[in-house]
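Asks: From the sequence below, what's the structure:
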Amino acid sequence: MNFSFTKILLAIVLAVSAVIASGVSGLLFVVWPTGLSDHAIVVTPTMRAQLAQLKAEQKFLPDLLHAYPGAPNESVRAQAQTEVDAVLVTLMTDLPSHARRSFVLKTFKSALAKFDSAESEERDQFLSYLQHMMVIIGVSDSAELFNVWRYGFPYGWMIG
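Replies: A predicted model of the protein is given here:
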């Protein structure tokens, strides 16, 4: 009986270690699914107008609502804005013909993989823009995609 307990404990330790290693290495983000709980999205003229309005705004300026001090310099700000605007263009162009939650999350996942700012403030603000897009589109959550990208783990599953 003691031998079985040791095997079970070892299996649990190995499983937890594998999850930690995959989270820290970024592998978990690479394999994280975007198609679970998929559903159709109704694309409306109001939604398209709100996405266009967001695209027209200058981004990564100081934002008191999100406690964001602004990009450290104009080069970083412009590059980060370009990456957010690319997501918006994809959504405005392709969402009407691919009106599904999985398309939105796949678009976000691709953008997150390309966003290379080392600054945590810009990474958090990038997520704020994606969350704003989700509100506009009517997608209620990222299925832990944002947590896996930002922290390496689906923390929402662990605490709630």
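Asks: so where's this structure uncertain?
Replies: Along the chain, the model assigns pLDDT under 70 to residues 1-2, 19-25, 157-160.
Asks: mind running it again at 90?
Replies: The chain contains residues with pLDDT under 90 at 1-31, 36, 63-67, 116-119, 151-160.
Asks: Which stretches in it count as helices?
Replies: For the chain, applying DSSP state H gives helices covering 2-25, 27-31, 45-56, 74-94, 101-114, 120-137, 145-151, 155-159.
Asks: Ok, which of those helices comes nearest L65?
Replies: helix 120-137 (8.6 Å; C-beta to C-beta). Placement of C-beta: from N, CA and C, glycine included.
Asks: what comes up buried for the closest one?
Replies: Residues of helix 120-137 classed as buried: 121-123, 125-131, 133-134, 136-137 (neighbour count, 16 or more other C-beta atoms under 10 Å).
Asks: okay, those residues in CSV with distance to G70 next?
Replies: Below are the buried residues of helix 120-137 laid out as CSV (distance: C-beta to C-beta, whole Å):
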residue, distance to G70
E121, 9
E122, 10
R123, 14
Q125, 9
F126, 14
L127, 16
S128, 13
Y129, 14
L130, 18
Q131, 18
M133, 20
M134, 23
I136, 23
I137, 26
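Asks: Farthest pair within those residues?
Replies: So, the buried residues of helix 120-137 by C-beta to C-beta: farthest apart are E121 and I137, at 24.9 Å.
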